[in-house]
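Q: I need the structure of the sequence given here:
(one chain, ligands or ions: 2)
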Amino acid sequence: MWFTKPKFAANDLNMKKYFLLLIILISFLGKTIAEEGMWLPQLLQSLNEKQMKKMGMKINASDIYNISKGSLKDAIVSFGGFCTAEVISDQGLLLTNHHCGFDAIQNHSSIQNNYIRDGFWSYNKDQELRNDGLFATFIIRIDDVTASVLKDVNARMSEKERQSAVDKNIAALRTSTKKETYQDLIVRPFFESNKYYLFVTETYRDVRLVGAPPSSIGNYGKDTDNWMWPRHTGDFSMFRIYAGKDNKPAAYSPENVPYKPKRSLSISLDGVKEGDFTMVFGFPGRTNEYLHSSAIEQIVNMSDPAKIAIRTKALNVIDGFMRRDEEIKIQYAAKYASISNAWKKWQGEVLGLTKTNAVAKRKEMEASFEKIVLQKPEFNIAYMNLLKDLKQAYTDIEPYAYARDYYTEIFPRIEILGFAGQLNSLVNALEKNGEAGYNTAKDKTLASLEELFKEYNTTVDQKLFESLMEMYVSGQKDVNVSPLLKDMLKQNGNSYANAAASLYTKTKLGSLASIKTLLTGNAKDVCDAIKADPAFQLSMDMQKTYSSNVSIKLNELQAVINQLQRTYMQAQMDVFTQKAFYPDANSTLRVTYGNVKPYQPRDAVKFDFYSYMDGVMEKYKPGDYEFDLPQKLIDLYKKKDFGRYGVNGRQPVCFIAANHTTGGNSGSPALDANGNLIGLNFDRVWEGTMSDINYDPTICRNIMVDIRYVLFIVDKYAEAKNIISELKLVSKKTR
Ligand code: ARG
Ligand code: GLU
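A: Ligands and ions are numbered 1, 2, ... in the order given. Below is the predicted model:
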């Protein structure tokens, strides 16, 4: 205890000196930084560098973010806007997750070339596969533009007035900011719109598939292991950025050349041990770390449970069909994985928030906030009623938020309702833009329906209708239920099965062929026929009911909350002056860092921080949908043929650390103290998924695949020596 009462405390003058000294000492030490945080790369130097070095980092913040010379940030891209990838060779080779590249892999797959099942490897650049619509975005520069964006904005403005002033200022900023023609500008709000940053970006749109392991490696353990530790998944795939001859962004062309990066990552073969420094660099999507306790209560008690219950029903229906029918299993695999991904995460979230007493802890924080506010007159004026108002606002919004969760979980699961939405765009196009508009819309709609129907089975959909509509009616207030649906039920003796059967028999929206028939003829007749379809009518009525009874009021209340949360964010920063704050994730580039650590999920259970191929083999179930393995991998394991990638006869596979990550961080590089690539982020542990709302250092861990497992698969399993020869491998040990 260094803070014991000093002997000279009785002496007033000495006492004052003592406190003065203490204050100087505190300000010298700088702000306290918790173990959590998704930090802005351009602020690392001023906020985090000292702590990062204390935790073991050997490089400088200026090696991570530097606008005057190549730095680590120049090797990181937003991959398609939904994941992260990194440049790992001087020929634009990209590394990301298997589940991030999955769409591209799926699009190139067929019965003859089943790359999902068997993997894909290009052994020279001619074999690499183009992917229209896929892009890689680099961040060139990040500027604080708060003053320009908030010019003429004041506290008396309504949310609407504020937004229009902000929009105007951003538009002006766009014209006044210098950039090259091939660059883009993005302005984003931070800290609940208390701050704004501008990003100068470069987007490359010729991104080709280079390699992917079979799903039995890249998605080993599938849904059973998802969000779980210990993990044994080789969740990676490889792409390459192509550029014009001038190395600038260019649309796809066979003439394009491999992109020469400003910086590519070196790869360390040395791995990490307990306590080692790691950092993850990427594009985290969305977090809510600064909520009022009543918002967290609402998530735990209302929102998550409602969404989980609806998805449980949907997943049971789909799973039932997938188990019986091989074709449906393939058709619904991606859909099932995506529904179950969030479903499982929410369960972990509720568990974690409950277990760590997140609500009680937030209430404690609020109590100390109020105490400080009461002590200072200027805080009194600005923040006196803030917590009370926030609590009230969350009480007000609760019934509407519940109705929103019901609607947004049920409506998109019954796909026929979505097809109606697609056809409605034809009706709108004819009304707005006449025949010509209709014809363009028709081509587009048909193309998108072609895609949707590849992964659609009307029997499954009918069963989903039957099961989910029952929840839609019985799970929420009667006023939020579509009157048309109530009529349909009445006409069918209140049987959901009969109502579903009758609707799916009558509608033309249940198959692509019948939709095509529906769309033949002149525009006006077609639109009349669309409007007469019972599934179309139901879809429109559900949307109308929702928008008039729920969404108008919901948006109003949400605007109140947004304004209060913005004040509350500023208030927290004003009140807790010793704390360093990081902004919530918003899909912009961030750095998070933490040490390699085991964790204890519950009493008497401790999880180690490394997994090995022995664990891959322990889980192996021949012929199983989730835990089957390719024979070649088993053979390599049996021969212990791990090359330079094994350690003492064992092949490392995955590891965990205390990095604060979220969705969007998939594919992010895990870097060691020297900034070398050691792994690839792809998941979080079950008990720690609540880190989006409340990071707890005792149980929040991110999961990474060890880069040596990636290299072992590329080198030994795929024998893609061409890829290995491009990489810059470093090691302190002789191998
Ligand atoms: N949970 C990880 C994420 O949120 C991995 C998801 C992909 N894997 C899966 N089995 N669905 O994206
Ligand atoms: N799998 C997630 C993603 O696709 C990352 C895991 C997480 O949410 O932490 O971005």
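Q: Pick out the residue of the stretch 501-650 of the chain closest to ligand 2.
A: Sorted by distance to ligand 2 under Cβ to the nearest ligand atom, the residues of the stretch 501-650 of the chain start with residue 585, at 10.1 Å. C-beta: built from backbone N, CA, C; applies to glycine.
Q: wait, doesn't residue 341 sit right on residue 226?
A: Yes - the pair residue 341 and residue 226 passes the contact test of Cβ atoms under 8 Å, sitting 6.5 Å apart.
Q: more neighbours, those two?
A: Neighbours were counted for residue 341 and for residue 226 using other Cβ atoms under 10 Å; residue 226 has more, 20 against 16.
Q: Ramachandran angles for the residue in the stretch 101-250 of the chain that ligand 1 sits nearest to?
A: In the stretch 101-250 of the chain, the residue that lies nearest ligand 1 is residue 226 (3.8 Å; Cβ to the nearest ligand atom). Recorded main-chain torsions at residue 226 are phi -50, psi 140, according to degrees, to the nearest 10.
Q: for the one 3 residues further on, same thing?
A: When read as degrees, to the nearest 10, the backbone of residue 229 gives phi -120, psi 140.
Q: Ignoring the adjacent residues along the chain, who's closest to it?
A: Here the nearest residue to residue 229 in space, its sequence neighbours aside, is residue 685; by Cβ to Cβ, 6 or more residues apart in numbering that works out to 4.4 Å.
Q: right, and that neighbour touches residue 228 too?
A: Yes - shown here, residue 685 and residue 228 form a contact pair, counting by Cβ under 8 Å, at 7.1 Å.
Q: For those two, indicate the residue with more neighbours.
A: The residue with more neighbours, out of residue 685 and residue 228, is residue 685; 23 against 17, by other Cβ under 10 Å.
Q: longest single helix anywhere in the chain?
A: When the chain is scanned for its longest helix (criterion: DSSP state H), the result is helix 415-454.
Q: rewinding a little: what sits in contact with each of residue 341 and residue 226?
A: When contacts are counted by Cβ atoms under 8 Å, 6 or more residues apart in numbering, the set common to residue 341 and residue 226 is empty.
Q: Quick check: which helices or strands does the helix or strand encompassing residue 308 pack against?
A: Using DSSP states H and E, residue 308 sits within helix 304-324. For helix 304-324, the helices and strands in contact under the criterion 3 or more Cβ pairs under 8 Å, 6 or more residues apart in numbering; DSSP states H and E are helix 326-355, helix 386-410, helix 458-474.
Q: can you list contacts of that helix?
A: Contacting residues not belonging to helix 304-324 are listed as 328-329, 332-333, 335-336, 339-340, 342-343, 346-347, 349-350, 402, 405-406, 409-410, 413, 457, 459-460, 463-464, 467-468, 471, 475 [Cβ under 8 Å, 6+ apart].
Q: For burial, what's the neighbour tally of the residue of the stretch 351-500 of the chain found nearest ligand 1?
A: When scored by Cβ to the nearest ligand atom, the stretch 351-500 of the chain has residue 352 as its residue closest to ligand 1, at 14.6 Å. Using other Cβ under 10 Å, residue 352 is surrounded by 27 other residues.
Q: got a list of what it touches?
A: Residue 352 is in contact with 358, 687-691, 694, 696, 699-700, counting by Cβ under 8 Å, 6+ apart.
Q: cool, residue 256 as well?
A: With contacts defined as Cβ under 8 Å, 6+ apart, residue 256 is in contact with 206, 242-245, 250.
Q: doesn't residue 571 make contact with residue 382?
A: Yes - the pair formed by residue 382 and residue 571 meets the contact definition of Cβ under 8 Å, at 7.1 Å.
Q: Look at those two and report which has more neighbours.
A: For residue 382 against residue 571, the residue with the higher neighbour count under other Cβ under 10 Å is residue 571, and the figures read 19 against 16.
Q: so what's that one closest to, chain neighbours aside?
A: Of all residues apart from its sequence neighbours, residue 383 sits closest to residue 571 (Cβ to Cβ, 6+ apart), at 4.7 Å.
Q: What helix or strand is residue 618 located in?
A: helix 613-619.
Q: Report the buried residues of that helix.
A: Of the residues in helix 613-619, those with enough neighbours to count as buried (16 or more other Cβ atoms under 10 Å) are 613, 616, 619.
Q: ok, back up a step: count the neighbours of the residue of the stretch 501-650 of the chain closest to ligand 2 for me.
A: With neighbours defined by other Cβ under 10 Å, the count for residue 585 comes to 24.
Q: Give me the secondary structure label for it.
A: coil (DSSP: H, G, I helix; E, B strand; the rest coil).
Q: Now do the SS call for the residue nearest to it when sequence neighbours are not counted.
A: Once its chain neighbours are removed from consideration, residue 585 has its nearest residue in residue 284; the separation is 3.7 Å (Cβ to Cβ, 6+ apart). Following three-state DSSP, residue 284 is assigned to coil.
Q: Show me which residues of the stretch 301-450 of the chain sit near ligand 1.
A: Remark: the part of the stretch 301-450 of the chain in contact with ligand 1 comprises 337, 341, using Cβ under 6 Å from any ligand atom.
Q: State which one residue of the stretch 451-600 of the chain is found closest to ligand 1.
A: Shortest the stretch 451-600 of the chain-to-ligand 1 distance, computed as Cβ to the nearest ligand atom: residue-wise this is residue 585, at 13.5 Å.
Q: right, and residue 492 touches residue 486 too?
A: No - contact criterion Cβ under 8 Å: residue 492 and residue 486 do not qualify, at 11.1 Å.
Q: buried residues in stretch 234-245?
A: Taking 16+ other Cβ under 10 Å as the neighbour-count basis, stretch 234-245 is seen to contain the buried residues 234-244.
Q: Quick one: mean pLDDT over that stretch.
A: Summarised as a single mean, pLDDT over stretch 234-245 is 98.
Q: sorry, back to before: if I look at the residue nearest to residue 229, how far off is residue 351?
A: Summarising the geometry, the distance separating residue 685 from residue 351, computed by Cβ to Cβ, to the nearest Å, is 11 Å.
Q: related to what we said a few turns ago, make CSV out of the buried residues of stretch 234-245 and add secondary structure.
A: What follows is these, written out as CSV (three-state DSSP):
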residue, secondary structure
234, coil
235, coil
236, coil
237, strand
238, strand
239, strand
240, strand
241, strand
242, strand
243, strand
244, coil
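Q: Tell me the one among the residues you listed nearest to ligand 2.
A: For these, the nearest to ligand 2 is residue 235 (8.3 Å; Cβ to the nearest ligand atom).
Q: Got the phi and psi for the residue nearest to that closest one when sequence neighbours are not counted?
A: The spatial neighbour of residue 235 that comes closest, neighbours along the chain excluded (Cβ to Cβ, 6+ apart), is residue 682 at 4.2 Å. For residue 682, the backbone dihedrals (degrees, to the nearest 10) come out as phi -150, psi -10.
Q: Just give the closest residue to residue 427, not the sequence neighbours.
A: Counting by Cβ to Cβ, 6+ apart, residue 427 lies nearest to residue 527, which is 4.8 Å off, once chain neighbours are set aside.
Q: Quick one: list the elements packing against the helix or strand where that neighbour lies.
A: Secondary structure from DSSP H and E places residue 527 in helix 523-532. The helices and strands touching helix 523-532, judged by 3+ Cβ pairs under 8 Å, 6+ apart, are helix 415-454, helix 512-518.
Q: how about those helices, which one is nearest ligand 2?
A: Taking Cβ to the nearest ligand atom, helix 415-454 is the member of these nearest to ligand 2, at 21.7 Å.
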